[in-house]
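Enquirer: the sequence and its predicted three-dimensional model are supplied below.
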Amino acid sequence: MNHTECDNELPGYTPRAGSSMAPLGALTPSSERITSLENSKGHKWLVLSVKSRAPTSESWPVFCAGDLITGSVTLDILKSESSKAIVVTVTAMTTLIGQEGQNFLVIEKELWTPAMALPDGSMVPKLEKGQYTWPFEIALPNEIEVLDRREKKIFSLPPSFTERASPAYINYKITVTIKRPALRVNQNLTSEFVYVPITRPELPSPMLQKAFKENIPLVGPEGDPEGWYILPSVTVTGTLFGAKSGNVNLNLALAKPLNYARGSAMPLWLTFAGTDEQALDLLANHQAIRIFLKRSLATGSDATSDRAGKHTDNFFVSTMARAVFWPARDASTTGKRVLQGEVNLKKTFKQSVLFPRFSVRYHLEVHPFDAAGFVQAPHVSGPLLTQPVNVSSSHATGIVMRSFAPPEYAEEIQNFDNSVGLLENGNQRFYSHAGHGVS
């Protein structure tokens with residue numbers, strides 16, 4: 001992966017024997033993060049330098065899949081001292097609020113022991129007064145073996161995850177340890193860093209590709225059946241203006257594959273059919289349609305299960321976006337209304353994650369309609385339809401699934417995003433967790 005490709009995707013595990021390692025891509029660092037320990041007089045006697053893709057030296061270091069972690073450790077001592085070893089360690093852990101964090105990655109590299117040569121090639125039993133610098137390189141694995149529900153399984157290395165009021169976090173850090181002789185305390189210097197795996201959808205159908213590349217209207221499921229996934233039909237029955245009953249058949253289609261990049265639009269196609277023209281017009285009104293993208297965050301021992309405890313304290317659901325719809329071109333006829341729509345996936349969305357003790361999943365929900373003059377009967381409290389989808393960090397190769405929403409409908413997206421932002425900022429359910437990260 002090249003430098004620009006990874007940088008464009010940045011938003012705002014103990015490896016098993018023989019596990020695959022990330023290819024050592026050529027990383028051109030954007031910045032260098034310096035962390036240090038000082039003595040009581042302000043002398044910086046231990047310095048950790050880490051080069052990364054982070055935009056500034058004040059930011060935590062950032063690495064994408066395939067990057068090589070490079071840096072150096074500098075020891076500037078004012079008098080000779082005995083040390084057992086100087087070690088740099090990369091660790092990663094999942095942390096659930098109120099519980100101890102659990103490491104899933106530990107990579108340790110000795111920089112020096114009395115049995116090892118100094119960077120200049122000399123051998124010394126202890127470090128004399130002076131300055132010493134050890135460069136280091138550490139490769140992260142693409143996959144690791146982790147215990148999941150009493151069984152060892154292979155998982156992709158997960159992204160860093162930390163956000164305001166979250167019940168769980170995934171943190172990466174690099175630590176320099178000066179190991180002292182017996183009866184003396186070891187000294188540690190730590191810097192967190194951010195890890196971003198690159199995931200992307202497969203290409204959509206040739207017709208959808210053509211539409212996105214050439215900026216021409218999308219072709220719906222009837223004209224491009226291989227490009228769309230059609231959910232089971234739903235019949236919506238109710239009373240119109242308290243006077244007569246009516247029913248409408250609803251078909252929702254999602255563009256395939258059911259995997260969408262953050263920073264893109266999820267294309268939708270909604271078809272209503274029935275004999276009551278008034279009922280069709282009421283339900284096919286874009287303001288009456290309530291289709292939402294939801295995110296679920298599961299923690300604990302069942303996080304990787306498809307049946308992750310939805311009714312437990314380890315399951316958290318957030319509404320991320322609301323779909324917008326507008327009339328599809330030349331598609332509606334007597335007894336039929338066709339709407340084109342989309343869900344806006346903001347670039348700040350977290351990508352889907354499946355990992356022991358921590359998972360992030362997305363699904364689309366079709367809720368009962370909110371149409372003036374139409375009362376659904378019998379009453380339905382939950383969603384009419386639910387469809388799991390995946391959110392990737394990156395666009396499909398060569399394709400950006402851009403928004404087709406007309407300006408007046410795109411404004412609806414912005415208004416909903418603003419309202420969700422206000423809710424998120426006011427959510428104080430969980431204790432805050434120190435850290436910074438993207439995923």
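Expert: Sure thing, it's come through.
Enquirer: three-state assignment of residue 280?
Expert: Under DSSP: H, G, I helix; E, B strand; the rest coil, residue 280 falls in the helix class.
Enquirer: pretty sure residue 409 belongs to a strand, no?
Expert: No: looking at residue 409 with three-state DSSP, it is helix, so not inside a strand.
Enquirer: that one: what's it in contact with?
Expert: 286, 324, 325, 326 (C-beta atoms under 8 Å, 6 or more residues apart in numbering). All C-beta atoms are positioned from the backbone trio N, CA, C, and that covers glycine.
Enquirer: what's near enough to touch the last one?
Expert: Okay, so that is residue 326. Residue 326 makes contacts with 286, 339, 340, 341, 405, 406, 409, as judged by C-beta under 8 Å, 6+ apart.
Enquirer: which stretches in the chain count as helices?
Expert: Along the chain, counting by DSSP state H, helices occupy 3-8, 206-214, 277-283, 407-425.
Enquirer: avg pLDDT for the longest one?
Expert: Same thing as helix 407-425. Average pLDDT, helix 407-425: 60.
Enquirer: then stretch 132-147?
Expert: In the prediction, stretch 132-147 has an average pLDDT of 94.
Enquirer: start to end distance for that stretch?
Expert: 40 Å (C-alpha to C-alpha, to the nearest Å).
Enquirer: and that stretch, which residues are buried?
Expert: Neighbour counts using 16 or more other C-beta atoms under 10 Å place 132, 134, 136, 138, 139, 140, 141, 142, 143, 144, 145, 146 of stretch 132-147 among the buried residues.
Enquirer: same thing with stretch 269-288?
Expert: 269-274, 276, 279-280, 282-286, 288.
Enquirer: again with stretch 383-399
Expert: In stretch 383-399, counting by 16+ other C-beta under 10 Å, buried: 383, 384, 387, 389, 390, 391, 392, 393, 394, 395, 396, 399.
Enquirer: just checking, the second one touches residue 364?
Expert: No: taking C-beta atoms under 8 Å as the contact criterion, residue 384 and residue 364 are not neighbours in contact, 11.3 Å apart.
Enquirer: may I have the beta-bridge partners of residue 273?
Expert: residue 249, residue 336 (DSSP bridges).
Enquirer: pLDDT score for it?
Expert: As summarised for this prediction, residue 273 has a pLDDT of 96.
Enquirer: residue contacts, it?
Expert: 248, 249, 251, 280, 335, 336.
Enquirer: tell me the contacts of the residue nearest to the third one when sequence neighbours are not counted?
Expert: Okay, so that is residue 251. Nearest non-adjacent residue to residue 251, counting by C-beta to C-beta, 6 or more residues apart in numbering: residue 271, 4.4 Å away. Going by C-beta under 8 Å, 6+ apart, residue 271 touches 250, 251, 252, 253, 336, 337, 338, 339.
Enquirer: apply 7 Å and report the result again.
Expert: The neighbourhood of residue 271, defined by C-beta atoms under 7 Å, 6 or more residues apart in numbering, consists of 251, 336, 338.
Enquirer: filter the residues you listed to the buried ones?
Expert: Buried members of those, scored by 16+ other C-beta under 10 Å, are 251, 338.
Enquirer: could I get the contacts of residue 271 as a markdown table with pLDDT and distance to residue 99?
Expert: Output for those, formatted as a markdown table (pLDDT from 0 to 100; distance: C-beta to C-beta, whole Å):
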| residue | pLDDT | distance to residue 99 |
| --- | --- | --- |
| 251 | 97 | 45 |
| 336 | 95 | 54 |
| 338 | 96 | 50 |
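Enquirer: quick revisit: and the two most separated of the buried residues of stretch 383-399?
Expert: 384 and 394 (32.0 Å; C-beta to C-beta).
Enquirer: for the chain, what helix or strand is lowest in average pLDDT?
Expert: Using mean pLDDT, DSSP states H and E, helix 3-8 stands out as the lowest-scoring helix or strand of the chain, at a mean of 49.
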